Structure formats: structure tokens, C-alpha cells
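> task: produce atomic coordinates for the following.
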Amino acid sequence: MSDVFGNVKSFALGGIEGRAQAVGSRFLRLAEALRSAIRDDRSKDAAAVDDAGESIADRLERAGRYLSDTSAERAFSDLESAARRAPVTFGAASFLLAFAATRFFKASRSS
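Residues are numbered from 1 along each chain as shown. Here you go, the predicted model:
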């Protein structure tokens, strides 16, 4: 029985890992596109906006590298330790994510 569970777990983690790597590469491309747009449109009047854009691009790049380079088991372990460190924050974030997903699916449902 444990062999079957191990196979199912491996299959599920492999699928999650593949999707995470795809999302990670999209984040990396998005970060590069954002940096390119900022470089093309540098202006003295909008320095704060440029700095905010660079900050967002840095975070996207970090998230993209993490998703691309980290195994699914390691990501779940990191998620579990974050939930243990801040359970209220984790619960609130989970609720907001579920609420947003529900609204998205409800809005995209055909009438």
C-alpha cells in the first residue's frame, strides 16, 4: 500500500513541479519585460514610480527563480514552516486567495 501511495505522491509532485517551473519562467519573463519598459521610459518626474517598478521586478524575479529552481517537496516544506511561524497570517492569506479564486471562477462562468 505504501508503494502505491509513494507512486501517487511522486506523480502529483512531478505535476506540481512542472507547473511551478512554468509559472517561474513566466515570472522571470514578466520581470524582464517590466525592467525593459522602465528603461525605455525613464524620466526624472516619475523616479518614485520607476523605483517601485524596479522593486516589483526584483520580487517577480526572486519568485520566478524560487519556483523554477526549487523542488515541490522543498516548496511544501517552506510553506509549512511559514504557516507554523505565522498561522494567522497564513490563514488570512489562504482565505483571501480562496475568495479571489471563487470570484474569478464565478465571473468567468458562462451565463
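> now what about the one helix or strand Ala100 maps to, what contacts it?
In this structure, Ala100 sits in helix 87-108 according to DSSP states H and E. With contacts defined as CB atoms under 8 Å, 6 or more residues apart in numbering, helix 87-108 is touched by 82-83. C-beta here means a position set from N, CA and C on the backbone, and glycine is covered the same way.
> name the helices or strands packed onto the longest helix seen in the chain?
Criterion DSSP state H: the longest helix present in the chain is helix 2-40. Helices and strands touching helix 2-40, by 3 or more CB pairs under 8 Å, 6 or more residues apart in numbering; DSSP states H and E, are helix 47-69, helix 72-85.
> and it, how far from the chain's centre?
8 Å (CA atoms, centre = their mean, to the nearest Å).
> tell me how this protein divides into domains.
Domain assignment of the chain by automatic domain parsing yields the ranges 1-70, 74-111.
> TSV for those, including mean pLDDT?
TSV is the format used below for those (pLDDT from 0 to 100):
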stretch	mean pLDDT
domain 1-70	83
domain 74-111	89
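> most tightly packed of those domains?
Highest mean neighbour count among these (mean count of other CB atoms under 10 Å): domain 1-70, with a mean of 13.
> now the residue nearest the centre of the chain: how far from Ala57?
With distances taken as CA atoms, centre = their mean, the residue of the chain nearest its centroid is Ala63 (6.1 Å). According to CB to CB, to the nearest Å, Ala63 stands 11 Å off from Ala57.
> next: Pro87.
31 Å.
> also Ala33?
From Ala33 to Ala57 the distance is 9 Å (CB to CB).
> what's the answer for Gly64, then?
10 Å.
> still on that earlier bit, so the residue nearest to the centre of the chain makes contact with Gly24?
Yes. At 7.4 Å, Ala63 and Gly24 qualify as touching, with contact defined as CB atoms under 8 Å.
> for the nearest residue to Gln21 once chain neighbours are set aside, what are its contacts?
Leaving aside its sequence neighbours, Gln21 sits nearest to Ser68 (CB to CB, 6 or more residues apart in numbering; 5.2 Å). By CB under 8 Å, 6+ apart, the residues touching Ser68 are 20-21, 24-25, 28.
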